[in-house]
Structures are given as structure tokens and as C-alpha cells.
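I need the structure of the sequence given here:
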Amino acid sequence: MLKERVFLKIPIVFTLALIATVGCTFFLPATNYLPSLLAQTQPLSLQVEHIMLRVPNFEETMQWYKDKFGFKEIIRWKEPSLPGVDLAYLELNGFRLEILGGGETERAIAPPKDVPEHTRYQGYRHLCFRTQDVDATLTQLNKRGVPTFAPAYDYAPIQRCLAFILDNNGNAIELSGPTKGNRASS
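Okay, here's the model as predicted:
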């Protein structure tokens, strides 16, 4: 009985080894799906570098992000293909915010009245900062003259505490942290 089991397993092991070595072309003639399937499942090695913010008031916005969040100016430059436009990188904890200002600008959409309206439009809608205590961060920002757009609330579907503010140009900024019940454990 044992010899029969071993004898039956040998063709199966050989077939599996052949598939692993040669690929699926034997079973799928003229088409090898394995490389394309692997390419679709392998994550890319990426990290966020920066997000660009187009503003009508370059200097004012640069100062706002420095004063309110503590961003540091890394570099300023001009791009010949963008006459009258100033560009700069601000950085905070390894995250860069690229500010473009000057020249002719048009507002894409009006500043939102509330969070549901803010989420109605396509495209990148807000920047989100992670913090260990949303209430404490919101209090610090309020002391720095930044009004609350949407007060802190626990959002059950993602188990996070969220709050929103608007920058000096009406762009939404989300704050995200542990829910009030989970702050001590994070």
C-alpha cells in the first residue's frame, strides 16, 4: 500500500516541479500569464515625496504653513516655463509641501461649507496629518489663530478620531489620530 502511494505521488510532484520550472506555457499554449499576474500583485516600492499646492498668494501661504505647523523652507526657485511664478519646498517631519504662487491663477472650486460638500468634488481633496492626539493638536492650532472647520469626532468605520481645518486659502486639512478611547494604548 505504501509503495502504491509513493508511486502515485511521483508523477504529481514531477508535474508540479515542471510547471514551476518551465512556467504555465505548457498548459496555456502561446500565452504566458505568469509574468503579468506577478506584476499585478507585486507592490511598488514607493513613498510620498510631496504634494503641490497652487496658491494666489505665495509669501502669505509660505508664512502661514511655517507659523501654524512649523514647516521649514528647504529651497526656492523659478521655472523659466512658468513666468512670474515662484516655487518652493516646505518640509515637516520628512514630508514636503511644494508651494507655487504668482502668475495667473484660477480657483478650481469654492471653499467648502462643510465636510460632505468638501468630499463631493473629484480629485485630491485634502491633506491629512497624523497626530497622537487630535484634540490637543486642534487646540494648539486654534491658539495659533487657525479656526476649526469640523471639530474632532471619532469615526467608527476606520477607528480614527478626525478633525478638519482650512488653510489661509480655504484648502481643507484633516487631522487624524487614535479614537478617544484608544489614545492611551497607541
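
I'd like the distance between L141 and I109.
23 Å (C-beta to C-beta, to the nearest Å). Every residue, glycine included, has its C-beta placed from N, CA and C.

try D133
Using C-beta to C-beta, D133 is found at 31 Å from I109.

if you count what's nearby, which of the two comes out ahead?
D133 (17 against 13; other C-beta atoms under 10 Å).

lowest confidence element among the helices and strands of the protein?
Ranked by mean pLDDT, DSSP states H and E, the weakest helix or strand in the chain is helix 2-22, scoring a mean of 49.

these two touch, right, T179 and I158?
No: the criterion here is C-beta atoms under 8 Å, and T179 misses it with I158 at 9.4 Å.

more crowded one of the two?
Neighbours of T179 and I158, each counted by other C-beta under 10 Å, are more numerous for T179; the result is 18 against 9.

Over to the closest residue to the more buried one other than its chain neighbours. Which of the three states is it?
Counting by C-beta to C-beta, 6 or more residues apart in numbering, T179 lies nearest to D154, which is 4.4 Å off, once chain neighbours are set aside. Under DSSP: H, G, I helix; E, B strand; the rest coil, D154 falls in the strand class.

Could you number the chain from 6 rather than 1 from now on?
OK, 6 is where the count begins now, so the last one is D159.

How about D159: which residues does it bridge to?
Beta bridges link D159 to C166, judged by DSSP bridges.

Which parts of the protein are strands?
Along the chain, counting by DSSP state E, strands occupy 55-60, 77-83, 90-97, 100-107, 132-135, 153-160, 165-171, 177-183.

so can I have JSON lines of those showing mean pLDDT?
Shown next, in JSON lines, are these (pLDDT from 0 to 100):
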{"stretch": "strand 55-60", "mean pLDDT": "93"}
{"stretch": "strand 77-83", "mean pLDDT": "97"}
{"stretch": "strand 90-97", "mean pLDDT": "97"}
{"stretch": "strand 100-107", "mean pLDDT": "94"}
{"stretch": "strand 132-135", "mean pLDDT": "94"}
{"stretch": "strand 153-160", "mean pLDDT": "96"}
{"stretch": "strand 165-171", "mean pLDDT": "96"}
{"stretch": "strand 177-183", "mean pLDDT": "96"}
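
nearest to Q47, of those?
Of all those, strand 55-60 sits nearest to Q47, with 24.9 Å by C-beta to C-beta.

who touches D119 in this structure?
For D119, the contacting residues are A155, by C-beta atoms under 8 Å, 6 or more residues apart in numbering.

Ignore what I typed, I meant G108.
87-90.

Report the distance from stretch 54-73 to the chain centre.
18 Å (C-alpha atoms, centre = their mean, to the nearest Å).

Could you count how many residues lie near F63?
There are 19 residues near F63, going by other C-beta under 10 Å.
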